[in-house]
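1. build me a model from this:
(chains A and B)
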Amino acid sequence: MSLLHVSHLVKQYTRGKGLFRRGTTVTAVDDVSFSIDESETFGLVGESGSGKTTTGRCILRLVEPTSGAVSFNGENVLALNARDLRARRRDMQIVFQDPYSSLNPRMKARHIVEEPLIIHRLGDARARRERVAELFARVGLDPAHLERYPHQFSGGQRQRIGLARALALNPRFLVLDEPVSALDVSVQAQVVNLLMDLQRDLKLTYLFVAHDLRLVEHICDRVAVMHLGKIVEMGRTAALFERPQHPYTRALLSAIPVADPDAPRARVVFDPASADRSNALREVEQGHWAAI
Amino acid sequence: MNSAMYRIGATIVGVTVLAAVVGPWLTPFDPSSQWLSLRLAAPSTSHLFGMDELGRDILARVLAGARISFLVGLTVVGVSAALGTALGAIAGYFGGWIDDTISRVIDVLLAFPGLLLAIALVAVLGPSLGNVLFALTVIGWVSYARLVRGQVLRAREFEYVQAAKALGAGTPRVLWQHVIPTAIPAIVVQATLGMAGAIIGEASLSFLGLGVQPPTPSWGTMLNGGRAHILDAPHLTIFPGLAIALLVLGFNFLGDGLRDRLDPKHRGLR
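-> Alright, predicted model coming up:
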């Protein structure tokens, strides 16, 4: 049973439009469709500018899509009015890439984590206090540090605060927008493990936006590869990593660093001429789709 | 250097505020009482700043004028900053036609030389302190609006602002809690410099007879009254002139100093 269904999502930006100029249109997300099942981790990978972050933000309507449909738990998210959307946001949250800019530097950690509870009028002051301390402990932070400001925490700790904030409303679905790519490798592993523990304990569904393919291989059930706004390949992680069909996927996979300097490397360079961008996704094997 | 300027500015402003507050107790003379036999009397030990063309104590009038200057400064800056911040934040946050409308109004107001517009407004509305406050506010809010709009355009894209939206925060909360606080240091600097501008504006309008009406003492009207006697009794213009120059300098120093203090790029350079 799919929890989230995205179909034919399009986001275009118009630049340089003036009173007497029509401006140029850039299509950041170009006819993207996919579904995510309950308790699944769905990876969205691609290089910078491929539209993966914009896709995640369109689903949460942080960016208004140009066209397409997003249904969450059977409800059309794009048709919600502002008030219903705010109420629905309790179920869908986001964790941002940059642990430095995603927390308001003028607010104490306690108030950052408490804010969603205040917005949705959940509990009185005492109940909120207890809930904040509980969330802090849940993400592996010391509740004694609640009165600190963001700059007094390390990058990994700050990302945990962002996670506690996202979890405060007991969401069912989280967009993880490159949640660990700004952290150093040892901290990455801790945060990834935390994410996987939380998913198991709280039955969360993840949309994991990333460019680190090793990470995606490690934690995602299914993966979609985006290139210039389109999904070029999508399938179960193991199948896609073992039998990549699209030339862009092959190039991407060949760029994964190998921890052995003597290992033979066959770096595949993507030649845009080798793939027709107008190709639609077709099923190459059960549950494995490629635009070839 | 900047730190010294900041201290000098703060001292000048602080002393003037104190003088305006305790003024009536500093001098035994009433700013409106006349001693006609002492008309144009030069400074002396009993009247430190001398007497004006109507035989009034100039020190008492300069102190009383400081109250008017602060009244005008604080009112104009307070109202302009609140109005400008609100409109600038709305323009920057919503964009689109709302931004276009507010920005064009700002452009139009900026195209006029500020004081000329104030003179025209007061000339139409009639000279009074209330109209001076109104006119100076009409030209004053623009600089705050432009400043805040720019800050908000930047802050709108901050991830913590996006995060607040994702949490379901309404627009007032996003603006008030997350966006406007980022602009406050800049607003404080602008407001400090704005105090200097408002004080000069009031003095200029009063000098032209469009502002505070006699017998209420204002530094601008005092300058105007002393104009006819600038050669035979220069103390009539020197003291109010010095008061204006010093206080404006003080606010400018303070504003520049605050800008350096509040600008993270300047931190740690001292």
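
2. and the residue of the stretch 1-150 of chain B that's closest to chain A?
-> Closest residue of the stretch 1-150 of chain B to chain A, C-beta to the nearest C-beta: residue B:100 (9.3 Å). Heads up, the C-betas are built off the backbone N, CA and C, glycines and all.

3. isn't there a strand covering that residue?
-> No - according to DSSP: H, G, I helix; E, B strand; the rest coil, residue B:100 belongs to no strand; its state is helix.

4. so how far is residue B:71 from it?
-> 36 Å (C-beta to C-beta, to the nearest Å).

5. with adjacent residues omitted, what lies nearest to residue B:23?
-> Once flanking residues are discounted, residue B:23 sits nearest to residue B:63: 3.3 Å by C-beta to C-beta, 6 or more residues apart in numbering or on different chains.

6. SS state for residue A:8?
-> Under three-state DSSP, the three-state class of residue A:8 is strand.

7. who touches residue A:7 in this structure?
-> A:33, A:68, A:69, A:70 (C-beta atoms under 8 Å, 6 or more residues apart in numbering or on different chains).

8. show me what the top helix by length along chain A is packed against.
-> Criterion DSSP state H: the longest helix present in chain A is helix A:185-202. Here helix A:185-202 is seen to pack against helix A:155-167, helix A:213-219 when contacts are counted using 3 or more C-beta pairs under 8 Å, 6 or more residues apart in numbering or on different chains; DSSP states H and E.

9. now it: buried residues?
-> Under the neighbour-count criterion of 16 or more other C-beta atoms under 10 Å in any protein chain shown, helix A:185-202 has A:187, A:188, A:191, A:192, A:194, A:195, A:198, A:199 buried.

10. for it, list the C-alpha coordinates in PDB.
-> Taking Å, rounded to 0.1, in the frame of the first residue of the first chain, the C-alpha atoms of helix A:185-202 are listed here in PDB:
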ATOM      1  CA  VAL A 185      32.100  10.600   7.800                       C
ATOM      2  CA  SER A 186      32.300   9.400  11.300                       C
ATOM      3  CA  VAL A 187      29.300  11.500  12.300                       C
ATOM      4  CA  GLN A 188      27.500  10.500   9.200                       C
ATOM      5  CA  ALA A 189      27.400   6.900  10.300                       C
ATOM      6  CA  GLN A 190      26.000   7.900  13.700                       C
ATOM      7  CA  VAL A 191      23.200  10.000  12.200                       C
ATOM      8  CA  VAL A 192      22.400   7.300   9.600                       C
ATOM      9  CA  ASN A 193      22.100   4.700  12.300                       C
ATOM     10  CA  LEU A 194      19.900   7.000  14.300                       C
ATOM     11  CA  LEU A 195      17.700   7.500  11.200                       C
ATOM     12  CA  MET A 196      17.400   3.800  10.700                       C
ATOM     13  CA  ASP A 197      16.600   3.100  14.400                       C
ATOM     14  CA  LEU A 198      13.900   5.800  14.300                       C
ATOM     15  CA  GLN A 199      12.400   4.400  11.200                       C
ATOM     16  CA  ARG A 200      12.100   1.000  12.800                       C
ATOM     17  CA  ASP A 201      10.800   2.200  16.100                       C
ATOM     18  CA  LEU A 202       8.400   4.900  14.800                       C
END
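
11. what about residue B:157, which helix or strand?
-> Residue B:157 belongs to no helix or strand when elements are defined using DSSP states H and E.

12. sorry, wrong one. I was asking about residue B:77.
-> Assigned by DSSP H and E, residue B:77 belongs to helix B:58-94.

13. can you give me the helices in the chain?
-> Going with chain A. For chain A, the helices defined by DSSP H occupy A:52-59, A:82-88, A:109-119, A:125-138, A:155-167, A:185-202, A:213-219, A:237-242, A:247-254.

14. please refer instead to chain B.
-> B:2-26, B:58-94, B:96-111, B:114-125, B:129-155, B:159-166, B:171-173, B:180-207, B:219-226, B:235-262.

15. and the fifth one, what does it pack onto?
-> Same thing as helix B:129-155. If you count contacts as 3+ C-beta pairs under 8 Å, 6+ apart, helix B:129-155 packs onto helix B:58-94, helix B:96-111, helix B:114-125, helix B:180-207.

16. residue B:261: which of these is closest?
-> Closest approach to residue B:261 among those (C-beta to C-beta): helix B:180-207, 8.8 Å.

17. what does chain A put close to chain B?
-> With C-beta under 8 Å from any C-beta of the partner chain as the criterion, chain A meets chain B at residues A:57, A:60, A:62, A:85-87, A:89-90, A:92-94, A:96-98, A:101-104, A:106, A:115-116, A:119-120, A:162, A:165, A:169.

18. coming back round to it: go through the helix holding residue B:77 and flag the buried ones.
-> B:58-73, B:75-77, B:79-81, B:83-93.

19. could you do stretch B:22-33 as well?
-> By 16+ other C-beta under 10 Å, the buried positions in stretch B:22-33 come out as B:23, B:27, B:29, B:31.

20. which ones are touching the last one?
-> What that stands for is residue B:31. B:56, B:57, B:60, B:61, B:63, B:64, B:217.

21. quick one on the thing from earlier: for the buried residues of stretch B:22-33, name the two members farthest from one another.
-> Taking C-beta to C-beta as the measure, the buried residues of stretch B:22-33 span a maximum distance of 10.9 Å, between B:23 and B:29.

22. intersection of neighbour lists for those two?
-> residue B:60.

23. the residue of the stretch 1-150 of chain B closest to chain A: neighbour count?
-> Counted with other C-beta atoms under 10 Å in any protein chain shown, residues neighbouring residue B:100 total 12.

24. which pLDDT does the model give it?
-> We have a pLDDT of 94 for residue B:100.

25. likewise residue A:200?
-> pLDDT at residue A:200 comes out at 93.

26. any idea how far the closest residue to residue A:187 other than its chain neighbours lies from chain B?
-> Spatial nearest neighbour of residue A:187, excluding adjacent residues (C-beta to C-beta, 6+ apart): residue A:156 at 3.8 Å. Residue A:156 is 17 Å from chain B, where distance means C-beta to the nearest C-beta, to the nearest Å.

27. sweet, I'm off.
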